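In: Here is a sequence together with a model predicted from it:
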Amino acid sequence: MPDLLAHYAVSFLVASRFFRFRVSAVIALLGLLPDVDALLMIHRWITHSFIPVFAFGVIVFIVTARFSRPSLAYVAVALSLYSIHIIMDVFTAPTPVLWPLIGSSYFVNVNVNGILSHDGAALVPAISIESTPPDFTRRLSIEGPIISEYGILVALASATVILAELLALKLRRQA
């Protein structure tokens, strides 16, 4: 499961393509927003569905376009970060991505194994999509990773990309 650190690191990396460091650091927090359902003791609830996100996004886009066109970039990135969170979750556990239109949660499992022997090499892909009914029952407790080795690796990779870009930019300015 992507932990909060992984969700934040990916959100920060994406936001940093559009905004400066401080704005990216703040707007990346929106990539954590789908997990607000855990505070209600229901994880992977309607906050993990594209349907409410799309409906809310259309309203926010219309209002923003009417009153603050320069802010449309912020709205677009914020909705993208929210959606990326949902996409990441689909690859880790059943997620109700199309609820309430489709009453199923989906989990996508992708593996590509390599075989190397004296006879040669081969790739063995395995892709499966599982569908289960969503479970929106309240829990007594919600358990999940905040920081894991996966999150640390994603955060380090994101930081490496950003630092490499900053170094390249500095070198170009000096040239």
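Out: Here it is on my side, so go on.
In: Okay, and the residue nearest to the spatial centre of the chain sits in which element?
Out: Of all residues in the chain, the one closest to the mean position by Cα atoms, centre = their mean is His85, 2.2 Å from it. Assigned by DSSP states H and E, His85 belongs to helix 72-90.
In: so how far is Leu79 from the closest residue to Ala159 other than its chain neighbours?
Out: Spatial nearest neighbour of Ala159, excluding adjacent residues (Cβ to Cβ, 6 or more residues apart in numbering): Ala9 at 7.7 Å. Heads up, the C-betas are built off the backbone N, CA and C, glycines and all. Using Cβ to Cβ, to the nearest Å, Ala9 is found at 19 Å from Leu79.
In: Show me the strands in the protein, by range?
Out: 105-117, 120-132 (DSSP state E).
In: Looking at per-residue confidence, what score does Met1 get?
Out: Met1 is assigned a pLDDT of 62 by the prediction.
In: again, but for Ile84
Out: Here the pLDDT value assigned to Ile84 is 97.
In: Compute the inter-axis angle for the longest helix seen in the chain and helix 72-90.
Out: Ranked by number of residues, the top helix in the chain under DSSP state H is helix 149-174. Relative orientation of helix 149-174 and helix 72-90, computed by axes from the mean of the first three to the mean of the last three Cα atoms, to 10 degrees: 150 degrees.
In: Give me the helices and strands touching helix 149-174, please.
Out: Counting contacts by 3 or more Cβ pairs under 8 Å, 6 or more residues apart in numbering; DSSP states H and E, helix 149-174 is packed against helix 4-15.
In: and the angle from the helix it packs on to helix 72-90?
Out: Helix 4-15 runs at 140 degrees relative to helix 72-90, counting by the same axes, to 10 degrees.
In: Now find how far off-centre helix 4-15 is within its chain.
Out: In terms of Cα atoms, centre = their mean, to the nearest Å, the centre of helix 4-15 is found 7 Å from the chain centre.
In: What is that helix packed up against?
Out: helix 21-27, helix 72-90, helix 149-174.
In: Save the ones you listed as TSV, and put in distance to Pro133 too.
Out: What follows is these, written out as TSV (distance: least, Cβ to Cβ, whole Å):
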stretch	distance to Pro133
helix 21-27	34
helix 72-90	16
helix 149-174	27
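In: Give me whichever of the ones you listed is most buried.
Out: Most buried of the helices and strands packed on helix 4-15, by mean neighbour count (mean count of other Cβ atoms under 10 Å): helix 72-90, with a mean of 18.
In: and that helix, C-alpha only, in PDB?
Out: C-alpha atoms of helix 72-90 as PDB (Å, rounded to 0.1, in the frame of the first residue of the first chain):
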ATOM      1  CA  LEU A  72      -7.200  27.400 -12.900                       C
ATOM      2  CA  ALA A  73      -3.700  25.900 -12.900                       C
ATOM      3  CA  TYR A  74      -3.900  25.400  -9.200                       C
ATOM      4  CA  VAL A  75      -7.300  23.700  -9.600                       C
ATOM      5  CA  ALA A  76      -6.100  21.500 -12.400                       C
ATOM      6  CA  VAL A  77      -3.000  20.400 -10.500                       C
ATOM      7  CA  ALA A  78      -5.000  19.800  -7.200                       C
ATOM      8  CA  LEU A  79      -7.500  17.600  -9.000                       C
ATOM      9  CA  SER A  80      -4.600  15.700 -10.700                       C
ATOM     10  CA  LEU A  81      -2.900  15.100  -7.400                       C
ATOM     11  CA  TYR A  82      -6.100  13.800  -5.900                       C
ATOM     12  CA  SER A  83      -6.700  11.500  -8.900                       C
ATOM     13  CA  ILE A  84      -3.100  10.200  -8.800                       C
ATOM     14  CA  HIS A  85      -3.700   9.100  -5.200                       C
ATOM     15  CA  ILE A  86      -6.700   7.100  -6.300                       C
ATOM     16  CA  ILE A  87      -4.700   5.500  -9.100                       C
ATOM     17  CA  MET A  88      -1.900   4.600  -6.800                       C
ATOM     18  CA  ASP A  89      -4.300   2.900  -4.400                       C
ATOM     19  CA  VAL A  90      -5.900   0.800  -7.200                       C
END
